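no FASTA, just this:
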């Protein structure tokens, strides 16, 4: 089974809350941050088991905000994923205003597996991560495709 065939991404409330807290803390200082979700594929469900905040550098530029995760941090994460038999399935970050996929988000994703998901929260996730102002995308052969109303569909399942 591959991420392309996944119909639901299941995540616990504790991982959502942990991710919100990380995004909000960075946002309080005016920075973006990446949180990465890994897990396992069971039938057609991607079960998120862990949230990762790799070492990263956030920048405030004249053109906006930017986050860079260097190669060593990605290598460390990939070794961990291999040793723990998990797959990287979801990248999560927040923008200072509205949620959308920027040119940089499209061009330099961390999740690069077809079927992977990218979640972008509005307002540095001040109102939480999973709400009507949050945008979500799936990686397809032609690029990142927006998901209409992801929180009202069975695509994202938040459990205990």
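Right, received. Where do you want to start? Fair warning: this is a prediction, and the values are worked out from it, not measured in the lab. Residues are numbered from 1 along each chain as shown.

Now do the buried residues in the host helix or strand of residue 17.
Taking DSSP states H and E as the criterion, residue 17 maps to helix 13-28. For helix 13-28, the buried set under the neighbour-count rule, 16 or more other C-beta atoms under 10 Å, comprises 15, 16, 18, 19, 20, 22, 23, 24, 26, 27. Every residue, glycine included, has its C-beta placed from N, CA and C.

Same question for stretch 100-113.
When neighbours are counted by 16+ other C-beta under 10 Å, the buried residues of stretch 100-113 are found to be 101, 105, 109, 110, 111.

I'd like to know the average pLDDT value across it.
Throughout stretch 100-113, pLDDT has a mean value of 92.

how long is that stretch end to end?
Start-to-end span of stretch 100-113 (C-alpha to C-alpha, to the nearest Å) is 20 Å.

cool, stretch 104-117 as well?
16 Å.

Is it correct that residue 33 falls within a helix?
No: in this structure, residue 33 is coil, not part of a helix, as judged by DSSP: H, G, I helix; E, B strand; the rest coil.

Now do the contacts for it.
The neighbourhood of residue 33, defined by C-beta atoms under 8 Å, 6 or more residues apart in numbering, consists of 22, 23, 25, 26, 27, 53, 56, 58, 67, 93, 94.

Roughly how far does it sit from residue 70?
Applying C-beta to C-beta, to the nearest Å, the value for residue 33 to residue 70 is 14 Å.

can you check residue 94 too?
Separation of residue 94 from residue 70 (C-beta to C-beta) stands at 21 Å.
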